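Q: Pasting the sequence and the predicted coordinates here, then a few questions.
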Amino acid sequence: MTEAPHTLLSLAHVTFRYRAVPALNDVSLDLTRGEILGILGPNGSGKSTMLRIMSGVLHPQSGTVDWLGSPLSRVPRTVLARQMAVVPQGGTIEFPFSVMEVVLMGRAPHLGGFAFEGDQDVQVAEAAMRRTGTLDLAHRCIHELSGGERQRVILARALAQVPQALLLDEPGAFLDIRHAVELYDLLRDLQAEGMTIATVLHDLNLAALYCDRVALLKAGRLVRLGPPAEVISYATVRDVYETEVYVDTNDITGAVNVLPLSRVYRERLKR
Ligand code: ADP
Ligand code: MG
């Protein structure tokens, strides 16, 4: 038996431009099997672009992207969809599908040709909905949900794919504090079952609490990569986000806490 490769996804010297707009500059990074990798950085630093490169939606102008040791661009989409699932930023569904229909779409890569979903697909979809707390919404129209509910449905669709890796872009963006921690707790549970996860997130505190490693981007460059306790420091956060913050260690979790400061206090620190 051959051992499963240690690296699932590997970016090497990736540079990407949208026409004239540079978005990523010489980024190299491996996604290691079984980890939760957080992708952090200020607005416009290239986080979503990096995730789109990792999922093969965008192709870099230079550098390489390998999935399980082969060029990602050569992996057929249907094969990839059985191995990797993506939860895009603020994902919208164009047509008025029911929640159940949306989640069942996650089964598509597992169906042959024009086959319809069977009982087993429905069971997998229901299990995904149960885990994301969306089973009660099964018969609602996707357009009639709140942003947070829709986000959890899109996560359920991704889980219905039963992938090896899950790529998420700000999955907590529309979630209240309880639903946010429940989402990240679920990611931890999935990790314990063998899933590899890369997630863009804005919240440095959640990153510190849940990620094994974080990649910190600034203006398209990967400026830091490592455990959150090393990367999310006062000096680094202040330099990368260009604002004064309050950084402390949480008494309960031992994780770093980053809090904003209003202008009065920011200016006091400047003196
Ligand atoms: P983030 O997710 O960190 O906020 P993005 O990856 O979305 O950043 O964007 C990185 C840079 O690329 C920004 O300057 C942004 O304006 C630009 N950009 C993003 N998407 C597009 C696009 N579709 N066309 C042109 N420029 C884009
Ligand atoms: Mg983004």
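A: Sure, I can see it. Residues are numbered from 1 along each chain as shown. Ligands and ions are numbered 1, 2, ... in the order given.

Q: Residue 53 is in contact with residue 12, isn't it?
A: No. Counting by Cβ atoms under 8 Å, residue 53 does not reach residue 12; the two are 11.5 Å apart. Backbone N, C-alpha and C define where each C-beta goes, glycine included.

Q: out of the two, which sits in the more crowded spot?
A: For residue 53 versus residue 12, neighbours defined as other Cβ atoms under 10 Å are more numerous around residue 53 (23 against 14).

Q: follow-up on the earlier one: now do the shared contacts for residue 53 and residue 12.
A: Here residue 53 and residue 12 have residue 65 as joint contacts, going by Cβ atoms under 8 Å, 6 or more residues apart in numbering.

Q: looking just at contacts, which helices and strands does the helix or strand harbouring residue 29 meet?
A: Element membership for residue 29, per DSSP states H and E: strand 21-32. Counting contacts by 3 or more Cβ pairs under 8 Å, 6 or more residues apart in numbering; DSSP states H and E, strand 21-32 packs against strand 7-18, helix 47-54, strand 62-67, strand 196-200, strand 213-218, strand 221-226.

Q: what about the residue of the chain found nearest ligand 2, neighbour count?
A: Closest residue of the chain to ligand 2, Cβ to the ion: residue 48 (3.2 Å). Applying other Cβ under 10 Å, we find 17 residues neighbouring residue 48.

Q: isn't it right up against residue 169?
A: Yes. Counting by Cβ under 8 Å, residue 169 is a contact partner of residue 48 at 5.5 Å.

Q: So which residues make contact with the least confident helix or strand in the chain by mean pLDDT?
A: Between all helices and strands in the chain, the lowest mean by mean pLDDT, DSSP states H and E belongs to helix 263-270, at a mean of 89. Contacts to helix 263-270, defined as Cβ under 8 Å, 6+ apart, come from residues 243-244, 261.

Q: Can you narrow those down to the ones near ligand 2?
A: By Cβ under 5 Å from the ion, no member of the contacts of helix 263-270 lies near ligand 2.

Q: Put the buried members of those residues into a PyMOL selection.
A: Buried members of the contacts of helix 263-270, defined by 16 or more other Cβ atoms under 10 Å, are picked up in PyMOL with:
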select buried, resi 244
